[in-house]
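missing the sequence, but the structure's below:
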């Protein structure tokens with residue numbers, strides 16, 4: 001199982017939100033590149049980058065910071081937040097990102113999703129952010145009527161190979177992740193499922209690996225010192 005330490009960017013700073021609430025933000029660093037390099041030094045091969053301002057505004061506000069992180073670390077980077085047209089996908093991939101994540105655009109514009117997958121293949125993933133089982137959009141500020149699990153099947157059928165599924169009620173809470181939903185999602189054939197939101201304990205990483213989850217995103221638990229990244233990487237590797 002792959003481990004993705006996360007850097008969420010707001011005002012060019014490393015932050016974490018509580019349950020996606022932009023008013024409940026904790027700033028951890030004003031040097032995102034240094035934070036990313038610390039993950040690399042701990043043994044990470046991947047990184048998960050989110051432009052929170054971009055997700056809210058619909059444009060890549062923190063593009064320059066993300067470009068610097070990718071360039072300086074040379075890690076496999078998956079990037080999301082405000083990516084809503086082909087030019088932005090191409091710009092991130094040209095900047096060295098390994099994968100871009102479509103969220104709002106994937107739900108609201110299925111033709112765009114299909115075009116993106118046709119053009120960029122496996123370099124396009126979909127972020128499914130779920131609130132009470134429904135897909136949330138626009139930086140989690142709006143909640144649709146679309147069932148999150150059904151949406152996962154829909155994007156799989158559109159040719160998407162990877163989804164990042166976040167249970168918003170768990171995100172940033174240090175309360176453990178929604179293990180039940182990942183047990184269901186991995187049964188969708190032909191889809192790599194990356195778990196996100198609330199992962200706090202080493203045992204959760206082992207359990208996610210055992211059920212067949214492709215990857216796990218680690219956020220606040222790393223920053224709060226509840227998870228050691230090197231230990232998490234080791235647990236993911238040993239549980240295969």
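Noted; the coordinates are in hand. Keep in mind the model is a prediction, meaning the values are calculated, not measured.

my read is that residue 183 contacts residue 208, right?
No - using CB atoms under 8 Å, residue 183 is not in contact with residue 208; the gap is 9.4 Å. For every residue, glycine as well, the C-beta is placed using N, CA and C.

those two: which is more packed in?
A count of neighbours by other CB atoms under 10 Å puts residue 208 above the other of residue 183 and residue 208, at 26 against 14.

that one belongs to a helix?
Yes - the assignment for residue 208 is a helix, going by DSSP: H, G, I helix; E, B strand; the rest coil.

tell me the confidence at it?
You'll see residue 208 listed with a pLDDT of 97.

residue 181 is in contact with that one, correct?
No - if you go by CB under 8 Å, residue 208 and residue 181 don't touch, sitting 11.3 Å apart.

residues of stretch 159-172 that come out buried?
160-172 (16 or more other CB atoms under 10 Å).

just the closest of those to residue 74, please.
Residue 74 lies nearest to residue 162 out of the buried residues of stretch 159-172, by CB to CB, at 20.6 Å.

so what sits opposite the closest one in the bridge?
Beta-bridge pairing for residue 162 (DSSP bridges): residue 192.

can you name the residues that contact it?
99, 122, 125, 126, 191, 192, 194, 214 (CB atoms under 8 Å, 6 or more residues apart in numbering).

quickly check these for the two that are furthest apart.
Pairwise distances across the contacts of residue 162 peak at 14.3 Å for 99 and 191 (criterion: CB to CB).

on that earlier part again, looking at the buried residues of stretch 159-172, which is nearest residue 223?
Comparing the buried residues of stretch 159-172 against residue 223 with CB to CB places residue 172 closest, at 9.9 Å.

secondary structure class of the closest one, three-state.
coil.

what sits against it?
16, 17, 18, 19, 20, 24, 198, 219, 220.

spatially nearest residue to it (excluding sequence neighbours)?
residue 18 (4.5 Å; CB to CB, 6 or more residues apart in numbering).

all strands for this structure, in order.
All strands of the chain, identified by DSSP state E, fall at 2-10, 13-18, 21-29, 46-51, 76-80, 99-102, 124-131, 134-137, 142-147, 162-167, 192-196, 215-218.

could I get those strands as CSV with distance to residue 116 and mean pLDDT?
Formatted as CSV, these follow (distance: least, CB to CB, whole Å; pLDDT from 0 to 100):
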stretch, distance to residue 116, mean pLDDT
strand 2-10, 21, 97
strand 13-18, 26, 92
strand 21-29, 27, 90
strand 46-51, 17, 97
strand 76-80, 13, 97
strand 99-102, 7, 97
strand 124-131, 5, 95
strand 134-137, 16, 89
strand 142-147, 19, 90
strand 162-167, 13, 95
strand 192-196, 17, 97
strand 215-218, 20, 98
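
ok, now which ones touch residue 195?
165, 177, 182, 208, 213, 215, 216, 217.

done for today, thanks.
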